[in-house]
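> Only the shape, not the letters, is given here:
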C-alpha cells in the first residue's frame, strides 16, 4: 500500500490485532516510526517476553509467569470460582471482594462449534475438587446460553462430591433503567427478589 | 494490574499507541499471548525493522526506506503537491489522479504551539523550486485555519519564482447533504461554482 515493504509488513501485523482495521493499523505504524530506537526495541522485547514467559498456571489455568500462579499459591482453596477466560479473573479481582481461588475453563461448551466437555478444562476442575478441601464452587460463566449450559453441565458433575455449588446472582444492572432491562433479566430479578 | 510483570509491561506499551485505552491494550496483549512464538518474533522484528529502515526522503520528506523515495526518483517534478503529513500523501496516492511529486511539511504554522516557518519544511520546498523545473505547486494542506494560513504564507514566498500556485478546490463533499453543509463550505461552494 505504501510500497515500502517494512512499513506494509508492520501495518499488516497491527491489523491482525483484534478489532483493528487498515486505518488504525496505519496510525499505530506511523506512531512507531516516530518513536526512538530504544523505545521500539523495548516494545519488541516486551512482545517476545510476554509471549515466552507467560504460560497457563498448572492448577487454575490462568496466565502466569510461574509454574503455579500467585493466587493458587497464596489463597486457600475452600472456594473456587469457575470462569470462562483469564480476563474474567481480572474483572472479578478488580472488585476485591472474592478471596478464593479460580478455575479458568478456556471456553464454554458449544455443540455448534464442536466444543465438548473434553475441549475445556472440566477434567482439571474435577481433579481439584477430588483432591479435597473445596467447600464451594461458584459458577461464574457468562449469563448467556453457552455459559448457562456449561454451568449446568459442570454442576451436575460436581453434585456427587456433596459440596456447595453456587451461581452469580442475576438481575438488573446497577445504574441501569428498569424500563430498558430485557424481559429475561427482569423476570429473573423479580423471581430472585430479596427482602430489604 | 495482573501482577505479572511481563504482561503488565506489554499492556503498558500497547496502551501508549494512539487512541488505545486500558481495556483495548489488554485485549491486544491477550491476543499476543495466544499466538505462537514464531509469529510474535516476526511481529517484534517488523517493529524494529520499520523503525530502523524507514526514514524521511531527502527530497520530499515522506517516509521511505531509501535515500530518495520512489516517487521522487520516478516522477517528474513539474508539479509538486505540498501536504502536511505523510498520511496525506497516502490519501492522494489512493485516488491515482496525481502524477507529480510531493513535499511533506511535517506540520503547519501554528503560533499558539510556537511552530514557526523554521519548524516545518518550508526552506526545503523553496530550494526545490529554486533548483528549477517546477511549473506548479499545489497547496494541499488541510482546509482549516492553520492549513489555510500555511498555504497563504508559502504561496507568498513562492510568488517571486513566477510559477503557478494552486489550492485544492473547496466545496460540498460528494454524497453529502447540502442541508447539513456548514456555512463557510457552502459559501465557498457558491463562490467557486462551475458552469455545467
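Thanks, I have the structure now. Please read all numbers here as calculations on a predicted model, not as lab measurements.

> Quickly note the distance from the residue nearest the centre of chain A to chain B.
When chain A is reduced to its mean C-alpha position, the nearest residue by C-alpha atoms, centre = their mean turns out to be residue A:85, at 2.1 Å. According to C-beta to the nearest C-beta, to the nearest Å, residue A:85 stands 8 Å off from chain B. C-betas here are computed from N, CA, C, even on glycine.

> Return the distance of stretch A:14-21 from the chain's centre.
Relative to the centre of its chain, stretch A:14-21 is centred 20 Å away, using C-alpha atoms, centre = their mean, to the nearest Å.

> In contact with the residue lying farthest from the centre of chain A, which residues are there?
Here chain A has its C-alpha centre computed as a mean, and the residue farthest from that point, by C-alpha atoms, centre = their mean, is residue A:3 with 39.7 Å. Counting by C-beta atoms under 8 Å, 6 or more residues apart in numbering or on different chains, residue A:3 touches residue B:70.

> measure residue A:177 to chain B for me?
24 Å.

> A strand includes residue A:138, no?
Yes - assessed with DSSP: H, G, I helix; E, B strand; the rest coil, residue A:138 lies in a strand.

> What residues does it make contact with?
When contacts are counted by C-beta under 8 Å, 6+ apart, residue A:138 is found next to A:79, A:80, A:81, A:82, A:100, A:166, A:167, A:168.

> Please enumerate the helices of chain A.
Per DSSP state H, chain A carries helices over the ranges A:5-15, A:22-33, A:37-53, A:70-74, A:86-95, A:122-130, A:145-158, A:183-191.

> Now the fourth one: buried residues?
Using 16 or more other C-beta atoms under 10 Å in any protein chain shown as the burial criterion, the residues of helix A:70-74 that qualify are A:71, A:72.

> That one vs chain B: in contact?
Yes - under the criterion of C-beta under 8 Å from any C-beta of the partner chain, helix A:70-74 makes contact with chain B via residue A:70.

> about what we covered before: what pLDDT does the residue nearest to the centre of chain A get?
At residue A:85, the model reports a pLDDT of 91.

> surely it meets residue A:102?
No - with contacts defined as C-beta atoms under 8 Å, residue A:85 does not count as touching residue A:102, sitting 10.9 Å away.

> circling back: top of the contacts of residue A:138 by number of neighbours, please.
Neighbours here are counted as other C-beta atoms under 10 Å in any protein chain shown. On that basis the top member of the contacts of residue A:138 is residue A:82, with 25 neighbours.

> hey, what's that residue bridged with?
With DSSP bridges as the criterion, the beta-bridge partners of residue A:82 are residue A:103, residue A:139.

> Check whether it really touches residue A:140, as I assumed.
Yes - between residue A:82 and residue A:140 there is a contact at 6.1 Å, judged by C-beta under 8 Å.

> Next, work out how far apart residue A:131 and chain B are.
25 Å.

> From the structure, what's the count of residues near that residue?
10.

> Same question for the one 4 residues further on.
Residues within reach of residue A:135, counting by other C-beta under 10 Å, total 12.

> before we move on, what about the one 10 residues further on?
By other C-beta under 10 Å, the residues close to residue A:145 number 10.

> same question, residue A:115
A count of nearby residues for residue A:115, using other C-beta under 10 Å, gives 15.

> Same question for residue A:75.
With other C-beta under 10 Å as criterion, residue A:75 counts 14.

> which non-adjacent residue is nearest it?
Counting by C-beta to C-beta, 6 or more residues apart in numbering or on different chains, residue A:101 is the residue found nearest to residue A:75 once chain neighbours are left out, at 5.5 Å.

> Test my guess that that neighbour contacts residue A:71.
Yes - under the contact definition of C-beta under 8 Å, residue A:101 touches residue A:71, with a separation of 6.0 Å.

> Could you pull out the residues contacting both of the two?
Common contacts of residue A:101 and residue A:71 (C-beta under 8 Å, 6+ apart): residue A:60.

> confidence score at residue A:91?
The predicted structure scores residue A:91 at 86 on the pLDDT scale.

> Pull the number of nearby residues for it.
Applying the criterion other C-beta under 10 Å, we find 11 residues in the vicinity of residue A:91.

> distance of it from residue A:73?
Here the criterion is C-beta to C-beta, to the nearest Å. By it, residue A:91 lies 21 Å from residue A:73.

> returning to what we had before: return the most buried member of the helices of chain A.
Comparing the helices of chain A by mean neighbour count (mean count of other C-beta atoms under 10 Å in any protein chain shown), helix A:5-15 comes out on top with a mean of 20.

> Next, the residues that contact it from outside, please.
A:1-2, A:20-22, A:24-26, A:28-29, A:32-33, B:42-43, B:46-47, B:49-50, B:53-54, B:63, B:65.
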